[in-house]
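Engineer: Provided below are the primary sequence and the corresponding predicted coordinates.
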Amino acid sequence: SFELEYLVIMERLKITVIGGSASTNITLAGHEDAWPSLLQSQKPDNLSLKHISKGGLTLTRALDILADQNESDLIIFHFGTSVGWPISLVRMNKRFGIDFETEHGFHQPLAKSKSFKRRILGFFRMRFRNLVKYILFFLGLYKPAVSPRELDDQVTAVLHHAFRLSPKVIWIQHAARVDSRIFLERKIYKRFYAQIIKSLRVHSSENLHVIEYSHPFIHGDNYINDGVHLTAHGHQEVSKKVLRGINQLFPTL
């Protein structure tokens, strides 16, 4: 086990980042980096960073990733909306323009079409998909894959395995822009988000730094059209939050 007092002097800090697609530069221009790369560039002589990205990262999937990792000085988790966002439990071929075979079949498009006609068609397509969501919900077929009652145990398990590999952990709990989502999705997601933060506070310590997205952060400048993934500006803001967390956990760095 690691000693609680861990000093890093004249050495590069070994960091393992485990995140979902929100930790990547999806939809960004080729010269625009996601926050892990921005973080590395800010302290190139002090940080040795390994970034593992898995789309749709959940708490249980993070456990699988941790099982294959070596020890590091710091583990940073970036959990996105897959932790609590409702998904369709229906698995069939594509119907009515909806991909029921994947977990992201009801996700909003990453970007708005430049064509006015396509944008109008997209508006009506979204309205229809929202209707399907409600129908599936009342049939018990549109809900999070994890029960809220399981969150405490899963958060505990992830932290337990993380601290076996690293003396320090930063946990980023990504929040989506939910203003364009249906009431049902907003209510469910906010419930899961609040429960995860509550579970993390139970494990509060000087070795765990939790980053929440407050309301000033959740606005159009930081999110692309789907309300989940970040713009270049959003990644810059997250990089600043993470750097402050590292400086807090490793004041001698």
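Structural biologist: Received, thanks. Being a predicted model, the structure only gives us computed values, none of them experimental. Residues are numbered from 1 along each chain as shown.
Engineer: Number of residues surrounding residue 202?
Structural biologist: Residues near residue 202, counting by other CB atoms under 10 Å, number 10. Where C-beta positions appear, they are placed from N, C-alpha and C, glycine not excepted.
Engineer: What segments of the stretch 151-253 of the chain are strands?
Structural biologist: With DSSP state E, counting those that start in this stretch, the ranges of strands along the stretch 151-253 of the chain come out as 168-173, 208-212.
Engineer: and the most centrally placed residue in the chain, how far is that from residue 193?
Structural biologist: Closest residue to the average C-alpha location of the chain: residue 80 at 2.0 Å, with CA atoms, centre = their mean. For residue 80, the distance to residue 193 (CB to CB, to the nearest Å) stands at 11 Å.
Engineer: next one: residue 156
Structural biologist: Counting by CB to CB, the gap from residue 156 to residue 193 is 17 Å.
Engineer: rewinding a little: could I get the strands of the stretch 151-253 of the chain in TSV, plus columns for mean pLDDT?
Structural biologist: Shown next, in TSV, are those (pLDDT from 0 to 100):
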stretch	mean pLDDT
strand 168-173	96
strand 208-212	94
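Engineer: so what's residue 192 scoring on pLDDT?
Structural biologist: Here, the pLDDT recorded for residue 192 equals 86.
Engineer: That one against residue 144, yeah?
Structural biologist: Yes - contact criterion CB atoms under 8 Å: residue 192 and residue 144 qualify, at 6.4 Å.
Engineer: circling back to that earlier point, report the contact partners of the residue nearest to the centre of the chain.
Structural biologist: By CB atoms under 8 Å, 6 or more residues apart in numbering, residue 80 lies in contact with 19, 20, 21, 22, 23, 57, 174, 176, 228.
Engineer: thinking again about what came up before, out of residue 156 and residue 193, which sits in the more crowded spot?
Structural biologist: residue 193 (20 against 15).
Engineer: Residue 52 - how many residues pack around it?
Structural biologist: The burial count for residue 52: 16, using other CB under 10 Å.
Engineer: Run through the bridge partners of the closest residue to it other than its chain neighbours.
Structural biologist: Ranked by CB to CB, 6 or more residues apart in numbering and with sequence neighbours excluded, the top spatial neighbour of residue 52 is residue 18, at 5.0 Å. In this entry, residue 18 is beta-bridged to residue 52, residue 77, by DSSP bridges.
Engineer: Correct me if wrong: residue 18 contacts residue 68.
Structural biologist: No - contact criterion CB under 8 Å: residue 18 and residue 68 do not qualify, at 10.7 Å.
Engineer: Compare these two and say which one has the larger neighbour count.
Structural biologist: Taking other CB under 10 Å, residue 18 and residue 68 do not tie; residue 18 has more neighbours (23 against 7).
Engineer: Could you report the distance from residue 178 to residue 140?
Structural biologist: For residue 178, the distance to residue 140 (CB to CB) stands at 22 Å.
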